[in-house]
Each structure stands twice: as C-alpha cells, then as structure tokens.
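S.K.: sequence isn't available, so here's the structure alone:
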C-alpha cells in the first residue's frame, strides 16, 4: 500500500473580471449572463461566497461559431424607447404592456432625477413580437379587461422583476439554507420574524440573505425607493413568500440544524460573608497613662482671681488619688499645660467628678475607661477638647508706656540741633 496520497488536479479558474474581459463583455453584462445561466460558475475554494469561472467554460464559449456576437446579443438590454422601436409599437403602448405584466423587466436603475428606469432583454421582446398570440396586443384597441386594470392603477413591473430575480437566486443556491435565504430576501424583516420565530435560526438565515441591488445611502430617498421595489408589497405575494419560506426553513432544519451557542453553566462565585467589626479594646497606652497619672497627680485650686491654678498635692495640701480615708474623695486633676484644663484622676467618685465639670464634656484622654452608665456616655464622646484660656492681646509697641521717646529723634530733635543754645550764666 502506498504511503502517499494523490489528489486529482484542480481545474484552472479565473476571476469574473478577467473572464468578462476574455469574453468581450462588460461586467454588468457578465453578471446578467451568469444570472441567465449562459455562463457557468463554481464556488471559490477560498470561501467568502465569491464565484470563479473555469478555463474550460471560457474555452467552450469562445469555440462557438458566431462568438462574441451571439453571447452579447443574448445579454443585451434595452429601455422603453429602444424596446418600442424594436417591437415597432408606440412607447405608450410599450409602457402599458409592461405595466400589465406582459413584458418582464430584467434590470432597473435610478437616474439623476430619482426616476426608475426599467431595462428589458432584447431577446424577450423579439420573442414576444414573433408570437402570433400577441398580435392583437401590438395593434388595434386594447381589450376592455386590460383597460380596466390600467385605470385601476395596476403596475406589475416591480413584482415581475422580483419574481425573475427570485428565480436567479434559487438557481444559484446550493443548499437548503441558501434557498431559504433567497426567499427571505424579498420579505420585510417583520414577516421573517413572524415565520421564523427561533432567534438562532433567524440569525443563521440572515447570513444567506443576498443584498438586493440598487441600494443607496441609508435613509436617503433613493434607498427608500429601492426598498419599495425589492420588497414584496401585495398581500397575495407576501402570503406566497411566507409559505415558501416556512417550507424552505423546515427542509433546511431537518437537513442541517442552525448552530447554537454552547450552554455552559458558569461555576457559582463564592462571596466572602460580611463579619461584624469587633469593639475597640482597651489599649496598653491608656493603662500606662492612668498609672502615670496616679503616681504624679496635680490638683486644681482656686487662684487669686477665681481662675483654676495647677499644683501638686504637697504644695496645696491635697491628698493623692487612691489614698484611703475620707480625704481620698477629693478630685485630683491631671497634668496639663498652661491655660488648659486638667483631666481628673481616677478615683472612687469618678462619675460625680465627671458631672462636676463644666458642660459635662465627657471623659478626657488619659483617664481609665469608666464602667456602668458613665461608659455609655463615654463611648459617644471619646475625647473632650482641651480649652485654653484667652490671653490678652499683646501690644505692638514694644516700648513700655513709662519710657519716654528720645528727644533727639524726629523734627523736634533736628530743630534743637540746628538752633543755637543760649548759655546760662
């Protein structure tokens, strides 16, 4: 058994632009020839929905005896005036036949005045003229039934073009979803959503919807006019397209289901539970300050003018905090700088000492944490601000009021120096 694998040789292909040049056609004529199945194309191996033309197909067309006139004549399109001259009828009769749906347009475009210009295949017009069943339509009076439809405003040119374009798209489709997309190309989005209710199938179907020709800038008058031409307007046409779309989607669904995203359930995230904040504990600093306050207390005694004056128990004769006896019930103050209130030292009547302060400012930093009812009040106001006594404003003049100004300064001194002094005898 051979270890190597041999693949068949790939056919030589070329792009549509190059094929149009080799066949002597314009690009618009080449596209119309592809839609009419006069030129066969193959899908591009690179993907993307592009088409290519095999070299063998180009050689087959070039081998024809009357090439390139025969191919160019089969894709030739004419307007209203040229078509009427080709059929040897007036332009008005040609327009009436086209409005009645007897002449099917192959292409259309908007001119500079945003008027729709319909183009017809010259080969179709010749065939219509040569058919003996249409002789009474080319000459003589128009039948009464057709005249009534024209008076009612019937215009089937856009509908006939949509039907012809749908045939082109269905001929090019290669799988069920592409055929369903070709049918959906002529329905409004609301009708598609009503027929195809599954959002995944609808999104997959939109990938196969071809873009209709003649689209202008979004929101422009040309775009609105092109939308009216390329979208079904009549109720019977919409119902027929809805039925075809439902049948095509059902067939495509049974053949290849529409892809769906993977339903992967994400693992639940573990969130940290909130924990209550523990109450503030007594620190070592507070205990050390309380111990220092007990060892070196300072008491407050009234001064000569009634203001509190700080002093030691030895100088004032007050007992120290924590001493036994009835004298231990005196309030002892903490050391404080000049002009500040002193914090009371811990004692047995700590709550009464707190209530005796002005304004009941609460516990002061440096005192032990109270217990009982006082602790509730102390938790609300942890620290009481120290109040400094107001000092009298300092004089800007540094000289004292008793020191007279020197006599040798100023204008008076200058005059004294200039004037001669009398000598006293």
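M.R.: Alright, I've got the coordinates. Since this is a predicted model, take the numbers as computed values, not measurements. Numbers count the residues shown, from 1 in each chain.

S.K.: pLDDT averaged over the helix or strand containing residue 147 - what is it?
M.R.: Here residue 147 sits within helix 144-151, counting by DSSP states H and E. The average pLDDT within helix 144-151 is 90.

S.K.: after that helix comes which helix or strand?
M.R.: Next in sequence after helix 144-151, counting helices and strands by DSSP H and E, comes helix 157-172.

S.K.: for this structure, which helix is longest?
M.R.: Determined from DSSP state H, the single longest helix within the chain is helix 235-255.

S.K.: in that helix, what's buried?
M.R.: Using 16 or more other CB atoms under 10 Å as the test for burial, helix 235-255 gives 237, 238, 241, 242, 244, 245, 248, 249, 252, 253. (Each C-beta comes from the backbone N, C-alpha and C, glycine too.)

S.K.: of these, closest to residue 109?
M.R.: residue 237 (22.6 Å; CB to CB).

S.K.: now do the same for the closest one: its pLDDT.
M.R.: On the pLDDT scale, residue 237 is placed at 93.

S.K.: same thing with residue 210?
M.R.: Per the predicted model, pLDDT is 84 at residue 210.

S.K.: just residue 349 next, same as before
M.R.: 46.

S.K.: again, but for the one 4 residues further on
M.R.: Among the per-residue scores, residue 353 holds a pLDDT of 43.

S.K.: got a list of contacts for the longest helix of the chain?
M.R.: Helix 235-255 has contacts (CB atoms under 8 Å, 6 or more residues apart in numbering) with 159, 162, 175-177, 179-180, 183-184, 186-187, 191-192, 194-196, 201, 205, 232.

S.K.: just the buried ones from these?
M.R.: Neighbour-count burial (16+ other CB under 10 Å) applied to these gives 159, 162, 176-177, 179-180, 183-184, 186-187, 191-192, 195-196, 201, 205, 232.

S.K.: which ones among those residues map onto helices?
M.R.: Per DSSP H, helices hold the following members of the buried ones among the contacts of helix 235-255: 159, 162, 176-177, 179-180, 183-184, 191-192, 195, 201, 205.

S.K.: so how far is the first residue of stretch 124-143 from its last?
M.R.: From its first residue to its last, stretch 124-143 covers 22 Å (CA to CA, to the nearest Å).

S.K.: make JSON lines out of the buried residues of helix 235-255 and add distance to residue 97.
M.R.: Shown next, in JSON lines, are the buried residues of helix 235-255 (distance: CB to CB, whole Å):
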{"residue": "237", "distance to residue 97": "21"}
{"residue": "238", "distance to residue 97": "26"}
{"residue": "241", "distance to residue 97": "26"}
{"residue": "242", "distance to residue 97": "30"}
{"residue": "244", "distance to residue 97": "28"}
{"residue": "245", "distance to residue 97": "31"}
{"residue": "248", "distance to residue 97": "33"}
{"residue": "249", "distance to residue 97": "37"}
{"residue": "252", "distance to residue 97": "39"}
{"residue": "253", "distance to residue 97": "42"}
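
S.K.: in stretch 27-35, what's buried?
M.R.: Under 16+ other CB under 10 Å, the buried positions of stretch 27-35 are 29, 30, 31, 32, 33, 34, 35.

S.K.: pLDDT weak spots in the stretch 251-400 of the chain?
M.R.: Counting by pLDDT under 70, the stretch 251-400 of the chain shows low-confidence ranges at 263-272, 274, 278-400.

S.K.: quick one, the longest helix of the chain and helix 176-184 angle?
M.R.: For helix 235-255 against helix 176-184, the angle by axes from the mean of the first three to the mean of the last three CA atoms, to 10 degrees is 170 degrees.

S.K.: could you check the angle helix 235-255 makes with helix 157-172?
M.R.: Per the same axes, to 10 degrees, the angle that helix 235-255 makes with helix 157-172 is 10 degrees.

S.K.: in the stretch 1-150 of the chain, mark out all the helices, start to finish.
M.R.: For the stretch 1-150 of the chain, applying DSSP state H, counting those that start in this stretch gives helices covering 16-23, 27-35, 55-62, 69-74, 80-87, 91-99, 122-130, 135-138, 144-151.

S.K.: need the contact list for residue 198.
M.R.: Counted by CB under 8 Å, 6+ apart, residue 198 has contacts residue 258.

S.K.: now it: phi and psi?
M.R.: Dihedral pair for residue 198: phi -70, psi 120, per degrees, to the nearest 10.

S.K.: separation between it and residue 207?
M.R.: 14 Å (CB to CB, to the nearest Å).

S.K.: same deal with residue 135?
M.R.: Separation of residue 135 from residue 207 (CB to CB): 49 Å.

S.K.: kindly report the same for residue 102.
M.R.: Counting by CB to CB - residue 102 and residue 207 are separated by 37 Å.

S.K.: which of those two has more neighbours?
M.R.: Neighbour tally, residue 102 and residue 207, criterion other CB atoms under 10 Å: the higher count belongs to residue 102, 14 against 11.

S.K.: out of the helices of the stretch 1-150 of the chain, which comes closest to residue 222?
M.R.: helix 27-35 (18.3 Å).

S.K.: helix 55-62 and the closest one, what's the angle between them?
M.R.: Helix 27-35 and helix 55-62 are oriented at 100 degrees to each other (the same axes, to 10 degrees).

S.K.: can you spell out which helices and strands pack onto helix 27-35?
M.R.: helix 16-23, helix 69-74, helix 157-172 (3 or more CB pairs under 8 Å, 6 or more residues apart in numbering; DSSP states H and E).

S.K.: for residue 107, which of those is the nearest?
M.R.: Among these, the nearest to residue 107 by CB to CB is helix 157-172 (8.1 Å).

S.K.: and the closest one, what does it pack against?
M.R.: Against helix 157-172 (3+ CB pairs under 8 Å, 6+ apart) you get helix 27-35, helix 176-184, helix 221-230.

S.K.: how about the closest residue to residue 163 other than its chain neighbours, what does it touch?
M.R.: Using CB to CB, 6 or more residues apart in numbering and skipping the chain neighbours, the partner closest in space to residue 163 is residue 104 (7.9 Å). Neighbouring residues of residue 104 by CB under 8 Å, 6+ apart: 120, 124, 160, 161, 163, 164.
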